[in-house]
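Undergrad: Have a look; sequence and predicted model below, questions after that.
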Amino acid sequence: MSNPLIRFFRTKIYTAIFLLVIILLIGVAGYKMISGYSWVDALYMTVITMTTVGFGEVVPLNDQSKIFTIFLILASIVIVGYALSIITEYILSKNDVEELKQKKMQKKIDSFKNHVVICGYGRNGKQAVRKLLAHKKSFVVIEKDKEMEERLQLDEVPYVIGNANEDEILLQAGIERASNFISALPNDADNLFVVLSTRQINKDINIISRASNESSYKKLKFAGANNVILPDKIGGDHMASLVVVPGLMEFIDNLSIVGKSNINIEEIDVEKLYNTRRIKTIRDLDLRKKTGCTVIGYKDENGEYIVNPEAELELAPNSRIIVLGRPEQIEELNSEYDID
């Protein structure tokens, strides 16, 4: 069933309510004029007649009032019955639509591969979503709070409602096929448990976890997190840096603000740039000439970083380069080397 069908049922519900109001007004006016009841008594008689509860009459009815009551009972049975059937059908149809929507979303999630799973749709989770959307990365949000479902639907975010502590929910989000996992829960203990569960299911996934306390840093790393972020610590360092090196921090901010930046940074596996069986240097790739991007960093196979590497640096297998460029230059790079 589709949304137009829901709107159709709503129209029928409005019609049923309109008919109920009309029969109520007819009943009140009829008892007022025919039996001479007060407005309250007329309303009372109309309601007990329409609902067929079987209460006694306010005063004995004359023949005209009895005929009118018969008409009112028959009309009420038809209209109330119609209203109940429409409301029931609407509720069932709405449930069917929600179920179909969920199945459609789950089918979409099942098609994802090398995607990002984000646990928690709070402040940090939403920031991560905005960044991933800007970079056109596939992702799934796991959110425990059922009340957040409407917000997720409005934001058109693929999601799974459930507790990420349960392996079933992680699997539903495709954790075994995901390349990255972001745990952005507010509680460090919850992050720790989720990181442990994720690492057990997917040994190769890159795990990034939030931490509120510095004491949780080592525990989360030991549990399997590749990176642990302390938002409060970063916030304090950032504010202090704005005092010490304001110009530099403004430049860095321009690299990270989604929607306002005219510069972009990308980290790329060297295997996506050339066949590593024959080693090449940064100069050999000549990315600056081909795409306009500049190599500003190098991460070797052991995870060690080199800032502003020399042009003669050999790009070993399982290493990565960090490039800087405007969005159109990054896009040119991705197009040139067929990078997703």
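TA: Happy to help now that I have it. Numbers count the residues shown, from 1 in each chain.

Undergrad: Per-residue pLDDT of residue 277, please?
TA: Looking at residue 277, its pLDDT is 89.

Undergrad: In a helix, it, correct?
TA: No. Using DSSP: H, G, I helix; E, B strand; the rest coil, the assignment for residue 277 is coil, not a helix.

Undergrad: Can you report how many residues lie near it?
TA: For residue 277, the neighbour count with other CB atoms under 10 Å is 6. For every residue, glycine as well, the C-beta is placed using N, CA and C.

Undergrad: quick one, what contacts it?
TA: By CB atoms under 8 Å, 6 or more residues apart in numbering, the contact list for residue 277 is empty.

Undergrad: again with residue 190
TA: Contact partners of residue 190, counting by CB under 8 Å, 6+ apart, are 164-165.

Undergrad: Confirm that it lies within a helix, as I assumed.
TA: Yes. Counting by three-state DSSP, residue 190 is located in a helix.

Undergrad: how near is it to residue 166?
TA: Counting by CB to CB, to the nearest Å, the gap from residue 190 to residue 166 is 12 Å.

Undergrad: next SSE after the helix or strand bottoming out on mean pLDDT in the chain?
TA: When each helix and strand of the chain is scored by mean pLDDT, DSSP states H and E, helix 246-256 comes last, with a mean of 71. For helix 246-256, the following helix or strand on the C-terminal side (DSSP states H and E) is strand 264-269.

Undergrad: Please give the centre-to-centre distance between that following strand and its chain.
TA: 26 Å (CA atoms, centre = their mean, to the nearest Å).

Undergrad: Check stretch 174-190 too.
TA: Distance, centroid of stretch 174-190 to centroid of chain: 15 Å (CA atoms, centre = their mean).

Undergrad: and if you look at stretch 187-207?
TA: Counting by CA atoms, centre = their mean, stretch 187-207 comes out at 20 Å from the chain centroid.

Undergrad: ditto for stretch 233-241
TA: With CA atoms, centre = their mean as the basis, the mean position of stretch 233-241 lies at 29 Å from the chain mean.

Undergrad: Enumerate the helices of the stretch 201-340 of the chain by residue range, in sequence order.
TA: 217-223, 231-244, 246-256, 282-285, 287-291, 327-336 (DSSP state H, counting those that start in this stretch).

Undergrad: Out of the ones you listed, flag the one nearest residue 32.
TA: helix 231-244 (68.5 Å; CB to CB).

Undergrad: now that closest one, how far from the centre of its chain.
TA: 29 Å.

Undergrad: and residue 47, helix, strand or coil?
TA: Quick answer, by three-state DSSP: residue 47 is helix.

Undergrad: what number of residues lie near it?
TA: Neighbours of residue 47 using other CB under 10 Å come to 15.

Undergrad: Ignoring the adjacent residues along the chain, who's closest to residue 59?
TA: residue 35 (7.2 Å; CB to CB, 6 or more residues apart in numbering).

Undergrad: ok, and what's touching stretch 61-78?
TA: Residues outside stretch 61-78 that contact it (CB under 8 Å, 6+ apart) are 23, 26-27, 30-31, 34-35, 46, 49-52.

Undergrad: same deal with stretch 193-202?
TA: 117, 119, 164-165, 167, 170-171, 175-176, 178, 181, 183, 185, 205, 207, 209, 220, 223-225.

Undergrad: pLDDT score for residue 177?
TA: Looking at residue 177, its pLDDT is 95.

Undergrad: nope, residue 9 is what I meant
TA: Reading off the model, residue 9 has pLDDT 59.
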